[in-house]
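Asker: One predicted model, sequence on top.
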Amino acid sequence: MNQVHRRIKLKNHQNKSQIHTHKSFIINIPKIFKFAIIGESFMQVTASAPGKAILFGEHAVVYGKPAIAVAVNKKAYVTVQKREDERIHVDIKDLKLSGYIDPENNEIEIESRENSKKGILNYVLSAVKMVHGSAQGMEIQINLDIPIGAGLGSSAAVTVATIAAVSKFNNMNLSKDEIAEYAHDVELEVQGAASRIDTTLSTYGGVIYLSKNAEDIVPLEINWNIPLVIGCTQDRGNTGELVESVRLKREGYPEVLNPILNAVEALTNDAVISLQKKDEKKIGELMNINQGLLDAMGVNTTELSRMIYLARKSGAKGSKITGAGGGGSIIAYCPGKIEEVTSNLNTIEKAFNVEISKEGVRIEVND
Ligand SMILES: Nc1ncnc2c1ncn2[C@@H]1O[C@H](COP(=O)(O)OP(=O)(O)O)[C@@H](O)[C@H]1O
Ligand SMILES: C[C@@](O)(CCOP(=O)(O)O)CC(=O)O
Ligand SMILES: [Mg+2]
C-alpha cells in the first residue's frame, strides 16, 4: 500500500488502562472519561448508526491478515425521551420486543409476550451502563432498518446508536473515538470477543482497511459508490463456532491453511488498489478468489452457495460470503446489474441493494 492514509488513532488520555481484545490488540484507553456536564437538558435525542459488510478478508483477519469492510446504509435508530419515573423502558417494535433494563443491578425484565428473547437487549443494557449519567428515567425506542443477526453488524449499530443517544441525553459530549471505544467494550462484554470492524464502521462510516495485526484501522478514500447487493439466508452462522472451526483446520493442516491465509492477505491488498482504481473486472475476480478460499476454510453452506452462483449468473462481477459464513449473508458486486441480481436473488432468499454509508453515527436533538 503506497498511499498515505489518515489513521484513526485513539487519543491518549490520563488514567490509562489496558484492554485486550480477542486479536491480542492492546490499546491504552482510560477507564474513566471525564465528562463535561454542560447542564442543558433535551426533551428528545435520536441517534442513528449504520451496519457493515466485509468485502475482503473475513476469517483471515483473525490471524492478523488485513481486511476491507464498508459501512452500509442499513441503520439502527435509537430515540431517548424522559420518563416521569426513574425506570428505563426499551421498545423495539420491529422485533415485537419490549422491557425494562436496570443498569444498577445489571438486569433485564422482559415485558413483551410475543418475544421473550433478551438477545439484543443485552447490548442495550451494556451500552446504557457505560454512559448512564444521572438517575433519570428514560424511554428508549429502537427502530431497525437493518436485518438482525445476518452478519451485517446490527449489534454494533444498535450499540453505537444507543451510546450516542443516551450519552447526549445525559449531557455527555463523547467524541467518535470515545463512542467507538465504549461500543467495542460493549461487544466484548456481551460476546466475550469481538473485532473492531463492526463498531468502527458503525461509528465512523465509510470504507476501512484493517491493517495487518489490526494495528491500524485506516479509512480508504473510495470516491465512487460501490454497487453492492446483499443476500440474506434464513439462518445465522455462529461466529464463535465458525472461527473455532477454521482454527482447528489450520491446526490440523498448517502447511495448507497458512498459504491460504497468505493468499487472502495478498488479494486483499490487491483489492485496495483495484477499488481505488475502480477496476471492475479485478474487484469481481478478487471477490471470487476470496470466496474460493473461504470454501477451502469450510465456512460456506448450500444456501449461501446457491446465492453466490445465482448472483454471478445474474450478472454480478463478483460474489462471496460476507462475515463469518455458516449462514448469514453474501455480498455481490454488481456494476450495471443491481436490479437483475436483486430480483433474481429475491426468488430464493431476501436480497436488497446497499450503498456505502459515508456517514457513521449521527445525532439529532429535539428540544
Ligand atoms: N428476534 C430477536 N429478538 C431479540 N434479540 C434478537 C433477535 N434476533 C436476534 N437477536 C439478537 O441480536 C443480536 C444480533 O447480533 P449478532 O449476532 O452479532 O448479529 P449481527 O451480525 O447482526 O451483529 C444477538 O444478540 C441475537 O441474539
Ligand atoms: C469471521 C470474522 O472475521 C468476521 C465476523 O463476521 P460476523 O460479522 O460475525 O458475521 C471474525 C472477526 O473478525 O471477528
Ligand atoms: Mg454483531
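Answerer: Happy to help now that I have it. Model, not experiment: these values are computed from the prediction. Ligands and ions are numbered 1, 2, ... in the order given.
Asker: Quick check: chain neighbours aside, which residue is closest to D270?
Answerer: With C-beta to C-beta, 6 or more residues apart in numbering as the criterion, D270 has its nearest non-adjacent residue at 5.9 Å, and that residue is L286. Quick note: C-beta positions are derived from backbone N, CA and C, even for glycine.
Asker: brain fart, T233
Answerer: Nearest residue to T233, sequence neighbours excluded (C-beta to C-beta, 6+ apart): E303, at 4.4 Å.
Asker: what's near enough to touch the one you found?
Answerer: Residues near E303 by C-beta atoms under 8 Å, 6 or more residues apart in numbering: 233-235, 327, 349.
Asker: about what we covered before: can you say which helix or strand has the residue nearest to D270 in it?
Answerer: For L286, the host element (DSSP states H and E) is helix 280-297.
Asker: What of I363?
Answerer: Under the criterion of DSSP H and E, I363 resides in strand 362-366.
Asker: Could you pull out the strands in the stretch 251-367 of the chain for me?
Answerer: Assigned by DSSP state E, counting those that start in this stretch, the stretch 251-367 of the chain shows strands spanning 318-322, 329-333, 350-354, 362-366.
Asker: and the closest residue to ligand 1 within the chain, how many residues sit next to it?
Answerer: Closest residue of the chain to ligand 1, C-beta to the nearest ligand atom: G119 (2.3 Å). Residues within reach of G119, counting by other C-beta atoms under 10 Å, total 17.
Asker: and for the helix holding L286, what are the contacting residues?
Answerer: For helix 280-297, contacts defined as C-beta under 8 Å, 6+ apart pick out 55-59, 246, 249, 257, 260, 263-264, 267-268, 270-271, 274-275, 300, 308, 312, 316-321, 325, 331, 333, 335.
Asker: Give me the domain ranges for this protein.
Answerer: Taking automatic domain parsing as the reference, the chain has its domains at 2-221, 228-354.
Asker: Lowest average confidence across these, which one?
Answerer: Comparing mean pLDDT across the domains of the chain, the lowest value falls on domain 2-221: a mean of 83.
Asker: Quick one: distance of that domain to the chain centre.
Answerer: 9 Å (C-alpha atoms, centre = their mean, to the nearest Å).
Asker: one step back: the residue nearest to D270 and S274, how far apart?
Answerer: Distance of L286 to S274, given as C-beta to C-beta, to the nearest Å: 6 Å.
Asker: Neighbour count: these two, which is higher?
Answerer: Using other C-beta under 10 Å, the more surrounded residue of L286 and S274 is L286, with 25 against 19.
Asker: which bits of the stretch 101-250 of the chain sit near ligand 2?
Answerer: Within the stretch 101-250 of the chain, the positions adjacent to ligand 2 are 151, 153, 195, 197-198, 239, 243 by C-beta under 6 Å from any ligand atom.
Asker: quick one: which of those residues sit in helices?
Answerer: 197-198, 239, 243 (DSSP state H).
Asker: just checking, what's the longest helix in the chain?
Answerer: Ranked by residue count, the top helix of the chain under DSSP H comes out as helix 254-277.
Asker: rewinding a little: would the helix holding L286 count as contacting ligand 2?
Answerer: No: for a cut-off given as C-beta under 6 Å from any ligand atom, helix 280-297 has no contacts with ligand 2; the smallest distance is 9.7 Å.
Asker: how much does that helix deviate in direction from strand 318-322?
Answerer: 40 degrees (axes from the mean of the first three to the mean of the last three C-alpha atoms, to 10 degrees).
Asker: Residue of this structure closest to ligand 2, please.
Answerer: Of all residues in the chain, G323 sits closest to ligand 2, at 2.5 Å by C-beta to the nearest ligand atom.
Asker: so which strand or helix has the residue nearest to V90 when sequence neighbours are not counted?
Answerer: Excluding the flanking residues, the one nearest V90 by C-beta to C-beta, 6+ apart is I140, at 4.6 Å. Element membership for I140 (DSSP H and E) is strand 138-144.
Asker: what's the answer for Y77, then?
Answerer: Using DSSP H and E, Y77 sits in strand 67-82.
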